[in-house]
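[1] Dropping a prediction and its sequence here:
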Protein chains: 2
Amino acid sequence: MIKVVIFGSGNVATHLTRAFIKAKDVNLVQVYSRTIENILYLTKKVAITDSLKKLKDADIYIIAISDDAISDFSKELILNDKLVVHTSGSVKMNDLNSESNKGVFYPLQTFSTTKKISFKKVPICIESERKEDLIILEKLGSSISKNVYLIDSKQRQKLHLAAVFVNNFVNHLYTIGNKICQDNKVPFQVLQPLIKETADKVQHINPKEAQTGPAQRNDQSTIAKHLSQLDNNQKEIYKILTDSIKKSHN
Amino acid sequence: MIKVVIFGSGNVATHLTRAFIKAKDVNLVQVYSRTIENILYLTKKVAITDSLKKLKDADIYIIAISDDAISDFSKELILNDKLVVHTSGSVKMNDLNSESNKGVFYPLQTFSTTKKISFKKVPICIESERKEDLIILEKLGSSISKNVYLIDSKQRQKLHLAAVFVNNFVNHLYTIGNKICQDNKVPFQVLQPLIKETADKVQHINPKEAQTGPAQRNDQSTIAKHLSQLDNNQKEIYKILTDSIKKSHN
């Protein structure tokens, strides 16, 4: 059994807590939150605390708090020679307090409080300062997910950047699609199956090969027709993405 | 039984043909293609022809050929007082030959030759010149899909535009994500579950409410860090989408 302590009560901390409570090979010995009210609901399932002086002994200490706070928070911990990891995509491993053995345990997924997620398919990106710690992180990752990847800090930084494109920016394009629907009294549901199929396709096909549409076939008349119907902001986005598609197929 | 003739042998024609062959209330009496080799595989299932002089009698004639060719092709048909529809998102109903009763039967989905699709969830957008033809189009749509929508030519034009954003442009962002992965020797599989979850979320939640990321929380330091890592083309896209997210949340 791997003994684990989690710090945090946000989305990632909550989803990890739920997953570890269920995992066979994990003993979640404690959850810490500065604002203990946030984790009071856990009292029956796991020990909780809001005091760093009352930390229990564990094999891994997981800091699952907001990116900006990780470095300072890790300095408050007196866990010399213990394995301390964070769960962030954008924070370097070495930003953790240097007295501990450092590592990263980054679940690459978008978490929301309202929507449940099955951890089995969530990719876990792991990294550690000491080689021997990789083994325990791999074991911990495998206890909740089928997809554990060895990813170093530089690769993780790039992954986080790529995630902005395929998650945050994609979602914004959905928002624009939704707005065009609303403005023309068309229910957004008409677009939902297309959105799903577009995402499903690239689970099997390289996205470059899946590219279709007026930009890809250089259909100038449709492009001109589309541009004339957009507001300035949408027009700029349309132009730049159309140009980029054309370039990438040359 | 609704008697149907389909013109075409491309993706949409092929998927519709397959769906109508299976549909209970539909009698697919004939499939036409100028290049008969493309539809020879159908001979055992349905009558085929490459001659417009040998068209069979039907209730609906469906032109499922490329957008540019629809108008001219419809002029070659001598089907006065018959219901003739096209399947395009961007062509106006009135671009069809005026001697027939006009209509549109637009399945809003991305079709590829390699990937099978269940028509049940494909939204079918219908429109007709005469009110009585709507009933038969509704019946035809319902024979293969659970989602039939009444959409006029103006709305359809806007839907097609919205589809470029949520399908073509989204796919291009996947391509950029894939490229960032490749350049850093990270398998694209690490991003696939995130892509799927991002699309799944907006099946239930309004995309504007689902928006997360550095632009949404106005995290300048992460934005600056990201920009410094991108090539010029990616940088432009990143800037414009970041600005647009900021604006849309003000």
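    Perfect, I can see it now.
[2] Buried ones in the longest helix belonging to chain A, by neighbour count?
    Looking across chain A with DSSP state H, the single longest helix is helix A:232-248. Buried residues in helix A:232-248, counted by 16 or more other Cβ atoms under 10 Å in any protein chain shown: A:Gln234, A:Glu236, A:Ile237, A:Tyr238, A:Ile240, A:Leu241, A:Thr242, A:Ser244, A:Ile245, A:Ser248. For the C-beta atoms, the positions are set from N, CA and C on the backbone; glycine is no exception.
[3] So which residues make contact with that helix?
    A:173, A:176, A:180, A:208, A:211, A:213-216, A:218, A:223, A:226-227, A:230, B:164-165, B:168-169, B:172, B:175-176, B:233, B:236-237, B:240-241, B:244, B:247 (Cβ atoms under 8 Å, 6 or more residues apart in numbering or on different chains).
[4] Just the angle for it relative to helix B:232-248, thanks.
    Angle, helix A:232-248 to helix B:232-248, by axes from the mean of the first three to the mean of the last three Cα atoms, to 10 degrees: 160 degrees.
[5] what is the rounded mean pLDDT of helix A:232-248?
    What helix A:232-248 shows for mean pLDDT is 96.
[6] got it, and stretch A:206-220?
    Across stretch A:206-220, the average pLDDT comes to 92.
[7] And chain B, is that stretch touching that?
    Yes: Stretch A:206-220 is in contact with chain B by Cβ under 8 Å from any Cβ of the partner chain, via A:Asn206, A:Pro207, A:Lys208, A:Ala210, A:Gln211, A:Thr212, A:Gly213, A:Pro214, A:Ala215, A:Gln216.
[8] Stretch A:185-201 now?
    Yes: Stretch A:185-201 reaches chain B (Cβ under 8 Å from any Cβ) through A:185-201.
[9] Whichever of the residues you listed end up buried, select them in PyMOL.
    The PyMOL command for the buried members of the residues of stretch A:185-201 next to chain B (criterion: 16+ other Cβ under 10 Å) is given here:
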select buried, chain A and resi 186+188+190+191+192+193+194+195+196+197+198+199+200+201
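[10] Let's see which of the residues of stretch A:185-201 next to chain B end up in helices.
    Using DSSP H, the members of these that fall in helices are A:Gln192, A:Pro193, A:Leu194, A:Ile195, A:Lys196, A:Glu197, A:Thr198, A:Ala199, A:Asp200, A:Lys201.
[11] Just give me the closest of the residues of stretch A:206-220 next to chain B to A:Lys53.
    Closest approach to A:Lys53 among the residues of stretch A:206-220 next to chain B (Cβ to Cβ): A:Pro207, at 50.5 Å.
[12] show me the residues around the closest one that make contact.
    With contact taken as Cβ under 8 Å, 6+ apart, A:Pro207 is in contact with A:Lys201, B:Asn171, B:His172, B:Tyr174, B:Thr175, B:Gly177, B:Asn178.
[13] Equivalent analysis for A:Gln229, please.
    Counting by Cβ under 8 Å, 6+ apart, the residues that A:Gln229 touches are B:Gln157, B:Lys158, B:Leu161.
[14] Chain A: helices as residue ranges?
    A:11-22, A:67-76, A:131-144, A:153-163, A:170-183, A:192-201, A:207-210, A:220-227, A:232-248.
[15] sorry, back to before: tell me the two of the residues of stretch A:206-220 next to chain B that are most distant?
    A:Asn206 and A:Pro214 (20.8 Å).
[16] Give me the more crowded residue out of these two.
    More crowded of A:Asn206 and A:Pro214, by other Cβ atoms under 10 Å in any protein chain shown: A:Pro214, with 22 against 13.
[17] Quick check: can you list the domain ranges of chain A?
    Listed domain ranges for chain A are A:2-151, A:156-248 (source: automatic domain parsing).
[18] any chance of these in a markdown table, with distance to B:Asp25 too?
    Formatted as a markdown table, the domains of chain A follow (distance: least, Cβ to Cβ, whole Å):
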| stretch | distance to B:Asp25 |
| --- | --- |
| domain A:2-151 | 38 |
| domain A:156-248 | 22 |
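[19] so which of those gets nearest B:Val31?
    Using Cβ to Cβ as the measure, domain A:156-248 is the one of those that comes nearest B:Val31, at 23.3 Å.
[20] so how far is the first residue of the closest one from its last?
    Criterion Cα to Cα, to the nearest Å; first-to-last residue distance in domain A:156-248 is 25 Å.
[21] so what's A:Lys24 up against?
    A:Ser143.
[22] Return the distance of it relative to B:Glu99.
    Separation of A:Lys24 from B:Glu99 (Cβ to Cβ, to the nearest Å): 72 Å.
[23] just A:Ile126 next, same as before
    68 Å.
[24] So which of those two has more stuff around it?
    A:Ile126 (21 against 15).
[25] Cross-check the contact I'm expecting between that one and A:Lys102.
    No: in this structure A:Ile126 lies outside contact range of A:Lys102 using Cβ atoms under 8 Å: 11.9 Å.
[26] How about A:Pro207: what's its closest non-neighbour residue?
    B:Tyr174 (3.8 Å; Cβ to Cβ, 6 or more residues apart in numbering or on different chains).
[27] So, low pLDDT: which residues of chain A?
    A:250 (pLDDT under 70).
[28] Ok, which of the helices of chain A comes nearest A:Thr87?
    Nearest of the helices of chain A (Cβ to Cβ): helix A:11-22, 5.2 Å.
[29] how about CSV for the buried residues of helix A:232-248, with distance to A:Leu28 added?
    Output for the buried residues of helix A:232-248, formatted as CSV (distance: Cβ to Cβ, whole Å):
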residue, distance to A:Leu28
A:Gln234, 47
A:Glu236, 48
A:Ile237, 44
A:Tyr238, 48
A:Ile240, 46
A:Leu241, 44
A:Thr242, 50
A:Ser244, 45
A:Ile245, 47
A:Ser248, 45
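[30] between these, which is closest to A:Asp133?
    For these, the nearest to A:Asp133 is A:Ser248 (39.9 Å; Cβ to Cβ).
[31] Relative to B:Tyr41, how far out is that closest one?
    34 Å.
[32] now do A:Lys185
    Distance, A:Lys185 to B:Tyr41, using Cβ to Cβ: 42 Å.
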